[in-house]
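Participant: just coords:
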Ligand SMILES: Nc1ncnc2c1ncn2[C@@H]1O[C@H](COP(=O)(O)OP(=O)(O)O)[C@@H](O)[C@H]1O
Ligand code: SF4
Ligand SMILES: [Mg+2]
């Protein structure tokens with residue numbers, strides 16, 4: 001199947017989010033941090049897309065650029081048929097609420113001086129008082145907080161897991177279509193991580209959400225993602241159906257990430273034949289020419305330094321950007 005046929009097949013689906021050639025640069029001294037370079041993907045309604053890659057690869061910058069906080073340096077973002085990039089002022093503020101984001105550190109994203117009820121109602125100020133109260137009550141209950149007890153308390157009276165519930169309630173109050181979850185459990189105790197992941201799954205069903213789920217750890221997204229997108233140093237390496245990628249990763253970087261996921265079977269012996277990820281992450285101010293992964297790739301050849309590998313379809317809903325993908329062997 002050609003890349004064109006495959007993209008036509010996806011565009012037949014109800015795509016709630018489309019991202020085209022997203023690029024984000026931050027000025028740093030005389031240079032530019034190339035945080036995100038030419039990233040394209042889409043999200044179908046009801047789907048969960050896991051976005052994974054090492055810390056610093058640009059995941060949060062992608063999420064923020066989708067929200068236009070700040071807007072990307074270039075590229076286009078569409079919510080259903082509305083182009084977000086290019087909107088300004090009131091039109092941008094109104095449309096942007098259809099996209100909500102929750103963050104890694106829930107405590108610091110809550111204003112310590114406000115009550116939980118006020119925080120959850122934050123975006124609802126334009127509504128009349130009666131419907132604000134009803135909405136706050138509904139979403140607090142939905143995330144497992146007791147509105148009558150908790151709404152007058154302040155964030156410091158809650159644990160990290162409960163603060164993440166408050167953040168989730170605040171975003172749900174605005175009735176978004178897409179929820180961007182930026183490492184929502186990485187700062188939480190292991191014992192509460194599963195509770196928050198389960199809650200997000202429940203909320204996804206109940207509120208008909210589509211999720212972009214960001215994680216640096218493939219183990220976290222394994223069970224919840226329909227599709228996966230793997231990023232390295234600001235660029236996408238591989239994207240597609242999660243089962244297909246887990247079963248047969250085509251990009252050497254995806255393979256290295258998968259090898260780093262501990263085997264849940266305690267008797268399983270480590271597989272010493274597989275090379276794990278070597279070397280340092282290069283600077284995003286001066287990324288390697290050609291394939292950005294080449295300085296750490298066991299398969300790199302001369303061509304990898306000269307040509308940026310294009311994203312090519314290798315199966316139905318499975319694409320890879322590599323000159324010598326593992327699936328060629
Ligand atoms: N506001 C900023 N100013 C300058 N550099 C930034 C800024 N935000 C992120 N970066 C840089 O952009 C790169 C991508 O960061 P980020 O998107 O936070 O990655 P991730 O979420 O995958 O850890 C990193 O090199 C980071 O240091
Ligand atoms: S393009 Fe070359 S360097 Fe990049 S991942 Fe593929 S083989 Fe490795
Ligand atoms: Mg991040």
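Facilitator: The structure has been received and is ready for your questions. All figures in this text were calculated on a predicted structure; none of them were measured in a lab. Ligands and ions are numbered 1, 2, ... in the order given.
Participant: how about the nearest residue to residue 192 once chain neighbours are set aside, what does it touch?
Facilitator: Distance criterion CB to CB, 6 or more residues apart in numbering; nearest residue to residue 192, sequence neighbours excluded, is residue 161 at 3.7 Å. Backbone N, C-alpha and C define where each C-beta goes, glycine included. By CB atoms under 8 Å, 6 or more residues apart in numbering, the contact set of residue 161 is 188-189, 192, 195-196.
Participant: Per-residue confidence, residue 161, what does it come out as?
Facilitator: pLDDT, residue 161: 97.
Participant: what are the phi and psi angles of residue 318?
Facilitator: phi -150, psi 110 (degrees, to the nearest 10).
Participant: ok, the closest residue to residue 86 other than its chain neighbours to ligand 2 distance?
Facilitator: Once flanking residues are discounted, residue 86 sits nearest to residue 76: 7.8 Å by CB to CB, 6+ apart. As judged by CB to the nearest ligand atom, to the nearest Å, residue 76 and ligand 2 stand 26 Å apart.
Participant: One more: residue 251?
Facilitator: As judged by CB to the nearest ligand atom, residue 251 and ligand 2 stand 6 Å apart.
Participant: same deal with residue 10?
Facilitator: 24 Å.
Participant: Could you point out the helix or strand that follows the host helix or strand of that residue?
Facilitator: If you go by DSSP states H and E, residue 10 is part of helix 3-11. Note on helix 3-11: by DSSP H and E, the next helix or strand toward the C-terminus is strand 15-28.
Participant: gap between that next one and the chain center?
Facilitator: Taking CA atoms, centre = their mean, to the nearest Å, one finds strand 15-28 lying 12 Å from the centre of the chain it belongs to.
Participant: Now look at it and say if it contacts ligand 1.
Facilitator: Yes. Strand 15-28 reaches ligand 1 (CB under 6 Å from any ligand atom) through 26, 28.
Participant: other SSEs contacting that strand?
Facilitator: strand 31-44, helix 59-66, strand 74-79, strand 210-215 (3 or more CB pairs under 8 Å, 6 or more residues apart in numbering; DSSP states H and E).
Participant: The following helix or strand past the last one and ligand 1, any residue contact?
Facilitator: Tracing the chain past strand 210-215, the next element assigned as helix or strand by DSSP H and E is helix 218-222. No. Where contact is defined by CB under 6 Å from any ligand atom, no part of helix 218-222 touches ligand 1; the two come within 13.6 Å at best.
Participant: contacts for helix 218-222?
Facilitator: Around helix 218-222, the neighbours that count as contacts under CB under 8 Å, 6+ apart are 50, 52, 185-186, 193, 197, 213, 215, 228, 242, 246, 257-258, 260-262.
Participant: from these, which ones fall inside strands?
Facilitator: 50, 52, 213, 215, 228 (DSSP state E).
Participant: Quick one: mean pLDDT for stretch 305-316?
Facilitator: Per-residue scores along stretch 305-316 average to 96.
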